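Q: What follows is a protein structure lacking sequence information:
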């Protein structure tokens, strides 16, 4: 229906309007005049106030359907509350509803619903877009139930922007507090459609929490930014205030490149408008001001915006990368950090960002102030992970010199150690080993993992100390055990076998995870470690039929094969079998 309507609009006006609010206005106008050659004309002076009244009330209730008796009651109510709109008297509520459905197709009967023992027809807007648009116009025109004529548009909008709830934006996105869906688009369209003289006041009403509101600041800031993305005729002062507030609401779930939050979505919409550069400037300011994980999140939002306007064609990508090289060499800290962040997201998205000049510039910046080094390390991390860059011995030495500096930012340290692991940089073993004593468990864990990836036998002893430290975090123990398993050899196997009978269950589980890594067969690896929901099972407990059933379901293999594999693993590693205890061995 929506596509058909757009086609009708294009045929009528010749070119589709660029602004959504103007497109929807034309769509409603076309539908009100649809089939005029074969049916009674519908006066928009009669239709629009009633449609707006219905749409607003449906958004207020948070519904997309109304029973026939509810629709008719609202149509009677609009006649009572707006007696000065004389065209409303052209038809009774019953006549108007029948004409509206037959004549426009904008409102349709979509089924029946039982109410107090009776079956009533149920009505809805053909497409949610029409409901949202007309609810927004209802605010602008003042055609909604219970309107107080003494209140301004901004005063009517303010409490609606404070209606918040939990929303999930995607499969991998965490729940977050946002303006409820039934008002989000309607308020955006209201701002886009209102008189120029009202725009500033309405935007400020959306942005500013009312007294007594709780947990609405971020939701309001995001909605105000989304309204700005529709490019209403806002003053520079109000626009700047919205943009200044926006970076202050970046939280730990924003800008991670995987999930998509409401703030991420708003930033990407703004990236396609004239507000992109002003917002990116403010995000960079916040990036330099904050520290640690928050700096990563702010940088992620910035880099997502920067990458969204990166060209698709390879020839244009090359030109874009050349411009980033110029920025890296500019000597301007903000430009250097911005280029590094843009490159990091482009590389993360799978674009080929490896150029010798880029890597050289990024490596040189690692020795700079923390924000510059932070952005450079992040870019190098993703260039290594996604592109064909194999650091030379000289480049590894440059990074080793950085990771041995005292007081280095923990995230920079983690990213560089990760590069060492992926590079199999044996010359970095000593530097990495030092960080197995870090007070940060994430540093200890990534250091253990990197040492395992490098596979240098010199690392076994320091990894063993992490593994047997009973005060150590289980994630670090697990990383150490897996690392020892990756290094392999008789010494590794002897250590891990010995730890299978340790008095501490967590140590036994970690040791089994390490032994799983030594299995060449991928199925056996999953059966022993990392396959079950939380961690590998305790090797001192028997493998049961429950384990078999779960493995069959997860791996889609026959029961007999899973049983045979477990019996072979039990023989190899001295595990116990719940269905065959007499064959377990030590």
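A: Good, I have the coordinates. Model, not experiment: these values are computed from the prediction. Numbers count the residues shown, from 1 in each chain.
Q: Residue 111 should be in a strand, yeah?
A: Yes - counting by DSSP: H, G, I helix; E, B strand; the rest coil, residue 111 is part of a strand.
Q: ok, it - how many residues close by?
A: Neighbourhood size, residue 111 [other Cβ atoms under 10 Å]: 12. Every C-beta, even on glycine, is put in place using the N, C-alpha and C of the backbone.
Q: Same question for residue 52.
A: Residue 52: 23 neighbours (other Cβ under 10 Å).
Q: got the contact list for it?
A: Applying Cβ atoms under 8 Å, 6 or more residues apart in numbering, we find residue 52 in contact with 134, 135, 137, 138, 141, 143, 144.
Q: Output those in TSV, with distance to residue 556 and secondary structure appended to each entry.
A: Shown next, in TSV, are these (distance: Cβ to Cβ, whole Å; DSSP: H, G, I helix; E, B strand; the rest coil):
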residue	distance to residue 556	secondary structure
134	51	helix
135	49	helix
137	54	helix
138	54	helix
141	60	helix
143	59	coil
144	56	coil
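Q: Give me the residue ranges of this structure where confidence is low.
A: For the chain, applying pLDDT under 70 flags the ranges 1-18, 35-39, 41, 530-536, 580-586.
Q: returning to what we had before: now the contacts of residue 52: which count as buried?
A: Those of those that meet the buried threshold are 134, 135, 137, 138, 141, 143, 144, by 16 or more other Cβ atoms under 10 Å.
Q: would you turn those into CSV with distance to residue 86?
A: Converted to CSV, the buried ones among the contacts of residue 52 look like this (distance: Cβ to Cβ, whole Å):
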residue, distance to residue 86
134, 21
135, 24
137, 20
138, 19
141, 16
143, 14
144, 19
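Q: For residue 256, state which of the contacts of residue 52 is nearest.
A: residue 135 (33.4 Å; Cβ to Cβ).
Q: Strands along this protein, start to end?
A: 66-67, 107-115, 118-125, 164-167, 176-179 (DSSP state E).
Q: Please list all residues in contact with the most centrally placed residue in the chain.
A: Residue closest to the mean C-alpha point of the chain, counted by Cα atoms, centre = their mean, is residue 260 at 1.6 Å. Contacts for residue 260 were tallied using Cβ under 8 Å, 6+ apart; they are 169, 170, 173.
Q: Tell me, how many residues neighbour the last one?
A: One way to gauge burial is a neighbour count; for residue 173, by other Cβ under 10 Å, it gives 18.
Q: Tell me which residues touch the closest residue to it other than its chain neighbours, please.
A: Leaving aside its sequence neighbours, residue 173 sits nearest to residue 259 (Cβ to Cβ, 6 or more residues apart in numbering; 4.1 Å). By Cβ under 8 Å, 6+ apart, the contact list for residue 259 reads 169, 170, 172, 173, 174, 253.
Q: my guess is the fourth one contacts residue 261, does it?
A: Yes - in terms of Cβ atoms under 8 Å, residue 173 counts as a neighbour of residue 261; the distance is 6.1 Å.
Q: Identify the contacts common to these two.
A: residue 253.
Q: returning to that earlier point: max pairwise distance over the contacts of residue 259: which two?
A: The most widely separated members of the contacts of residue 259, counting by Cβ to Cβ, are 170 and 253 (11.4 Å).
Q: With neighbour numbers in mind, choose between the two.
A: residue 253 (16 against 12).
Q: dump the residue contacts of residue 306.
A: Residue 306 touches 280, 338, 341, 342, 345, 346, counting by Cβ under 8 Å, 6+ apart.
Q: let's see it at 10 Å
A: Residues counted as contacts of residue 306 (Cβ atoms under 10 Å, 6 or more residues apart in numbering) are 271, 276, 280, 283, 320, 324, 338-339, 341-346.
Q: with those in mind, which one is nearest to residue 110?
A: residue 271 (37.5 Å).
Q: What sits closest to the closest one if chain neighbours are left out?
A: Among residues not flanking residue 271 along the chain, residue 305 sits closest, at 4.2 Å (Cβ to Cβ, 6+ apart).
Q: Test my guess that the one you found contacts residue 276.
A: Yes - using Cβ atoms under 10 Å, residue 305 makes contact with residue 276 at a distance of 6.5 Å.
Q: tell me, what's touching the two both at once?
A: By Cβ under 10 Å, 6+ apart, the residues touching both residue 305 and residue 276 are 267, 268, 269, 270.
Q: got a winner among those for most neighbours?
A: Counting by other Cβ under 10 Å, top hit in the shared contacts of residue 305 and residue 276: residue 267 with 28 neighbours.
Q: Quick check: that residue vs residue 334, distance?
A: Noted for residue 267: a distance of 18 Å to residue 334, by Cβ to Cβ, to the nearest Å.
Q: Then residue 421?
A: Distance, residue 421 to residue 334, using Cβ to Cβ: 32 Å.
Q: which of these two has more neighbours?
A: Of the pair residue 421 and residue 334, residue 421 is the one with more neighbours under other Cβ under 10 Å, namely 22 against 17.
Q: residues bridging contact with residue 170 and residue 253, i.e. touching both?
A: Contacts common to residue 170 and residue 253, judged by Cβ under 10 Å, 6+ apart, are 259, 260, 261, 264.
Q: just checking, which of those belong to helices?
A: Among those, the members found in helices (DSSP state H) are residue 264.
Q: Mind putting the shared contacts of residue 170 and residue 253 into a markdown table with distance to residue 300?
A: Formatted as a markdown table, the shared contacts of residue 170 and residue 253 follow (distance: Cβ to Cβ, whole Å):
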| residue | distance to residue 300 |
| --- | --- |
| 259 | 11 |
| 260 | 11 |
| 261 | 10 |
| 264 | 8 |
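Q: Grab the two from the shared contacts of residue 170 and residue 253 that are most spread out in space.
A: Top of the distance list for the shared contacts of residue 170 and residue 253 (Cβ to Cβ): 259 and 264, 7.9 Å.
Q: any shared contact partners between those two?
A: Shared contacts of residue 259 and residue 264, defined by Cβ under 10 Å, 6+ apart, comprise 169, 170, 173, 253.
Q: From these, pick the one nearest residue 416.
A: residue 253 (24.8 Å).
Q: ok, the closest one - contacts?
A: Contacts for residue 253 (Cβ under 10 Å, 6+ apart) come out as 173, 174, 175, 176, 259, 260, 261, 263, 264, 297.
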